[in-house]
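> Build me a model:
(one chain, ligands or ions: 2)
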Amino acid sequence: MRAWTSPEMPALPVVAPPVAVHDTASGRALTTTSDGPALLYVCGITPYDATHLGHAATYVGFDLLNRAWRNAGREVRYVQNVTDVDDPLLERATKVGVDWEELAERETELFRQDMQALRVLAPDAYIGAVESIPLAVDMIERLQAAGAVYRVEDDLYYSVAADPAFGDESGYDRDTMLRLFGERGGDPERAGKKDPLDPVVWRGEREGEPSWESPFGRGRPGWHIECAAIALTHLGPTVDVQGGGSDLVFPHHEMCAGHAQVATGAPFARAYVHAGMVGYDGEKMSKSRGNLVFVSALRNSDIDPMAIRLALLRQHYRSDWEWTDDGLWQAADDLAQWRRALSLGAGAPAGPVVEEVLAALADDLDAPRATAAVDRWVAATLGTDGLADTSDREAAVTLLPVLDAALGLSLV
Ligand code: 5CA
Ligand code: ZN
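Ligands and ions are numbered 1, 2, ... in the order given. From the prediction side, this is the model:
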């Protein structure tokens with residue numbers, strides 16, 4: 001599947017520090033140091049509705065990781081999927097009376113435009129679930145060969161007991177797992193399963209639903225097998241970071257890890273990294289709740305995408321927070337001040353700001369700390385609290401490429 005066009009990323013004259021990110025499984029900040037490129041897999045959208053600010057926050061968060069690694073001198077290989085066939089997409093298509101493929105293509109295209117406007121670096125491989133069905137079939141056969149798959153009527157299930165490391169990614173107790181599994185697409189009540197937590201890996205054909213030929217009969221792959229197969233084929237056996245929002249900690253990332261580990265015998269990810277949930281009007285922003293603020297709607301009302309990006313950068317990627325209109329207007333005002341200060345050319349000394357921005361991002365992607373350093377430089381340069389400091393003749397020339405490469409903000 002086609003990705004979007006990446007913005008240019010300026011090369012920096014300095015090398016940023018190695019990047020530490022918080023790993024959900026160990027609960028610690030880790031610096032992954034494999035040989036070769038850093039391997040990043042981030043779970044992509046289910047394209048049945050437009051990109052909301054929660055999605056945008058998550059993808060901007062992982063964009064900071066991609067950028068921080070590159071600024072630290074690491075090559076990065078980045079893969080993202082599109083869940084272009086799944087229950088919520090099919091349900092929405094039926095409800096609104098459009099063809100599911102058309103809906104998926106339309107919303108994926110809107111997502112590409114949103115990501116491009118927000119200056120998110122594109123993945124090297126952008127892979128749809130439908131186009132990777134042969135990969136999922138191969139993967140299910142590997143799991144069958146390992147004795148980890150069983151049949152319930154026309155459906156195939158994966159046995160969570162097959163992976164001795166099951167539970168290590170989320171660290172949740174069984175009650176929490178059972179609750180979340182039921183809430184997030186699982187079927188704990190299905191009769192005939194060995195363990196209520198076992199997820200479906202091949203869903204036999206249902207009337208009115210799309211289906212594909214396979215050695216197990218007509219049907220379609222389960223959700224977790226899709227990401228496991230794509231990640232293993234395009235990056236595996238062990239990725240540096242498996243990423244997504246915190247609503248994917250369980251069951252999705254636990255099950256992906258299990259599928260991959262049983263198939264390969266190797267750990268699936270060195271770190272599992274999760275972005276916090278963005279809320280609006282007191283609740284998690286979600287398609288099912290309908291309390292959404294769309295990136296495309298803001299763009300259509302002439303909001304500068306850089307103001308949206310700055311509003312997102314004001315929050316730490318791991319915290320849960322509320323999107324507010326005030327936050328967006330504040331970011332638009334701040335951006336105007338930043339641009340004014342940078343347009344002067346000379347300003348307060350830029351060296352320490354560069355150091356602080358790069359250090360903050362290498363320290364678990366601390367964008368609020370990085371942007372606060374820029375605020376202080378802007379205030380000193382404009383003389384907001386006294387005399388304007390113009391002692392660094394090269395200040396803007398030094399800072400602009402750093403704000404671009406590290407924060408993804410184009411401020412010219
Ligand atoms: N297609 C699957 C992943 S394979 C999926 O979860 N799609 S999604 O469209 O529902 O979400 C896309 C990404 O946005 C996921 O990483 C999800 O964790 C994240 N996300 C969803 N809602 C929010 C929110 N309110 N705040 C932050 N991130 C969110
Ligand atoms: Zn996924």
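> Please enumerate the helices of the stretch 301-412 of the chain.
Defined through DSSP state H, counting those that start in this stretch, the helices belonging to the stretch 301-412 of the chain, from first to last, are 305-313, 325-343, 351-362, 367-382, 395-407.
> Oops, could you answer that again for the chain instead?
Assigned helices in the chain, in chain order: 53-71, 87-96, 100-117, 133-145, 174-183, 223-234, 254-264, 295-300, 305-313, 325-343, 351-362, 367-382, 395-407 (criterion: DSSP state H).
> Turn those into JSON lines, columns for distance to ligand 1 and mean pLDDT.
Placement of C-beta: from N, CA and C, glycine included. Compiled in JSON lines, those are given as follows (distance: least, CB to the nearest ligand atom, whole Å; pLDDT from 0 to 100):
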{"stretch": "helix 53-71", "distance to ligand 1": "2", "mean pLDDT": "98"}
{"stretch": "helix 87-96", "distance to ligand 1": "8", "mean pLDDT": "94"}
{"stretch": "helix 100-117", "distance to ligand 1": "9", "mean pLDDT": "97"}
{"stretch": "helix 133-145", "distance to ligand 1": "13", "mean pLDDT": "98"}
{"stretch": "helix 174-183", "distance to ligand 1": "13", "mean pLDDT": "98"}
{"stretch": "helix 223-234", "distance to ligand 1": "5", "mean pLDDT": "98"}
{"stretch": "helix 254-264", "distance to ligand 1": "9", "mean pLDDT": "98"}
{"stretch": "helix 295-300", "distance to ligand 1": "12", "mean pLDDT": "95"}
{"stretch": "helix 305-313", "distance to ligand 1": "10", "mean pLDDT": "98"}
{"stretch": "helix 325-343", "distance to ligand 1": "14", "mean pLDDT": "97"}
{"stretch": "helix 351-362", "distance to ligand 1": "19", "mean pLDDT": "98"}
{"stretch": "helix 367-382", "distance to ligand 1": "15", "mean pLDDT": "98"}
{"stretch": "helix 395-407", "distance to ligand 1": "19", "mean pLDDT": "98"}
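> and the residue of the stretch 101-250 of the chain found nearest ligand 2, how many neighbours?
Here the residue of the stretch 101-250 of the chain nearest ligand 2 is C227; by CB to the ion that distance is 3.4 Å. By the measure other CB atoms under 10 Å, the count of residues near C227 is 31.
> do the one 3 residues further on as well
Other residues within reach of I230, judged by other CB under 10 Å, total 28.
> Using neighbour counts, pick out the buried residues of stretch 288-296.
For stretch 288-296, a neighbour-count test (16 or more other CB atoms under 10 Å) marks 291-296 as buried.
> Let me know the closest of the residues you listed to D325.
Distance ranking of the buried residues of stretch 288-296 against D325, using CB to CB, places V293 first at 8.7 Å.
> Leaving out sequence neighbours, find the closest residue to L292.
In space, not counting the residues next to it along the chain, L292 is nearest to H52; the distance is 4.4 Å by CB to CB, 6 or more residues apart in numbering.
> Could you report the pLDDT at that neighbour?
Among the per-residue scores, H52 holds a pLDDT of 94.
> Contact partners for it?
For H52, the contacting residues are 285, 287, 292-295, by CB atoms under 8 Å, 6 or more residues apart in numbering.
> In strands only, show me these.
Using DSSP state E, no member of the contacts of H52 sits in strands.
> you'd agree V397 is up against G345?
Yes. Proximity of V397 to G345 meets the contact threshold set by CB atoms under 8 Å, at 7.5 Å.
> D281 - how many residues pack around it?
With neighbours defined by other CB under 10 Å, the count for D281 comes to 12.
> wait, isn't it in contact with N291?
Yes. Shown here, D281 and N291 form a contact pair, counting by CB under 8 Å, at 4.9 Å.
> rewinding a little: tell me the spacing between the residue nearest to L292 and R190.
Between H52 and R190 the distance, using CB to CB, to the nearest Å, works out to 31 Å.
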